[in-house]
Structures are given as structure tokens and as C-alpha cells.
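S.K.: A structural model of the following input is requested.
(one chain, ligands or ions: 2)
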Amino acid sequence: MNATLEIPRLSAAILDLDGTMIDTLGDFVVALNRMLDDLRLPGIERPDIERMIGKGSEHLVLSVLAHVGGSPEQFPSAWDAYQRHYLAVNGQHAAVYPGVVEGLRLLQSRGLKLACLTNKPTNFALPLLAAKGLDGFFEVVFGGDAFERKKPSPLPLLKTCEALPSLPAETLMIGDSSNDAAAARAAACPVVLVTYGYNHGEPVRSVDADGFVDSLAELAARL
Ligand SMILES: O=C(O)COP(=O)(O)O
Ligand SMILES: [Mg+2]
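M.R.: Ligands and ions are numbered 1, 2, ... in the order given. Here you go, the predicted model:
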């Protein structure tokens, strides 16, 4: 269980945000329900939202609209309301997972350069990392709007490797979902998944990855 992970020599790590470093489900629940209220649509429950997280905010808003019986024509006003409400609550109903700060410190003390790559919009991610005291760990932070495609495309991982700079084969992707793992496999980055995040409602251990850890502190200890 706690054996060393079979990961080659590393020079960098790319960390996912939602479900990996920060439990943001509470922020999504509040912002999305305020958005639905503005549109006079019925509310949505926490477990339903949890299954929809990880593919970016546009995908999330469209999935929520479909779930409550809204229409895609309502997307523009829903998107405006969602951004306003999310930015107003950003971080207030969210918590850094246990072991994250210790894990980031350990990864850095091993000489790894760190990047944060999320499908969340960059203007949501930056203030969230700052509010939770995590911003200082990262050389670069890229959101879902930073490149032409989002994870599970390999493009954002390859661009992040270029920015660090680091070779993909020496850059560990650390995420919580099949989205992160598929992007990493396609970019030829090794990938480890945490067991506590959001994996679209599917068991995370069924995903093709190089290892699974219960915390980032455990990951750093097993490298
Ligand atoms: O879809 C989201 O907003 C969350 O994305 P992340 O898991 O890539 O941080
Ligand atoms: Mg995630």
C-alpha cells in the first residue's frame, strides 16, 4: 500500500486544483444555486454538482442547466450570473485538503518545480490560491481558458511543461480525475491520482494511472 511509487526521475510536478488541492464543492453549490435562483430555475443538490465538476465552468453551467430543465439558450445569462456569484464566494465555502501544504513543501524540498493547471478559469483560480495561502508554491498557474483546449487534451500539460520548463517524461501530473489522467497519458507525463477528489461519480481507482495516494503528503513520502 505505501510502497515507493514506480515513477522515473522527476524535475517538476503539475498539480490540478479542484478536488486535488482544494475541496471547492461548497463554493460551486452556493454559486450555482444563486445562478439558478436568478434564472427562476429549480435548485440543484450537492452530489449532482459533484459529478459535473472537472471539465471547466462552461461545461458545468451547461450540465446544470440541462439537469434542472433549463435550455442552452439560457447559457449567456447563466454564465454572467455564475461568474458574478462564484467570484463573490470564491474560497468562502472551500477548504485545503489535509496533507496539501506538507506535500507541496516536501515536493519543493526535493527540488521539483511546481505548476498549477486547472480547468477552472484563471481569474477564479488565482484569487482562490491566494486566499488559501497556496499561491507562493507555483512558478506558473494556468486555468482552463489559458490555452486552446482544456484537459483531457494533452495541450495544456505540454504548454505548462514548456513554461516551467521541464520535459514531460520528468513532469508528474497530480490530479483527482480521469480527465487529468487522460491528459497526462497523452502528453507522456507520469500521473498519480488522489483518492478523495471528484472523479465524475466513478471510482477513481478504476482510472489508468501510475499510482493512487490518500494525500499529497503521502505522495511526497513515496516518491
Ligand atoms: O472544472 C473545474 O472547474 C475544475 O477543474 P480542475 O479539477 O481541473 O481544477
Ligand atoms: Mg480536479
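
S.K.: can we go C-alpha only for contacts and neighbour counts from here?
M.R.: Fine.

S.K.: what does this protein have sitting close to ligand 2?
M.R.: 18, 19, 176 (CA under 5 Å from the ion).

S.K.: ok, 6 Å please
M.R.: 16, 17, 18, 19, 20, 54, 175, 176, 177 (CA under 6 Å from the ion).

S.K.: what number of residues lie near the closest residue to the last one other than its chain neighbours?
M.R.: Spatially, and ignoring its direct neighbours in sequence, residue 177 is nearest to residue 199 (4.5 Å; CA to CA, 6 or more residues apart in numbering). Look at residue 199: counted by other CA atoms under 10 Å, it has 25 neighbours.

S.K.: state the pLDDT value of residue 199.
M.R.: For residue 199, the pLDDT comes out at 93.

S.K.: what do you get for residue 7?
M.R.: So residue 7 comes in at 85 (pLDDT).

S.K.: separation between it and residue 104?
M.R.: Between residue 7 and residue 104 the computed distance is 17 Å (CA to CA, to the nearest Å).

S.K.: in terms of neighbours, single out the busier of these two.
M.R.: Using other CA under 10 Å as the criterion, residue 7 and residue 104 rank with residue 104 on top: 23 against 17.

S.K.: which residues touch the more buried one?
M.R.: 137, 216, 217, 220 (CA atoms under 8 Å, 6 or more residues apart in numbering).
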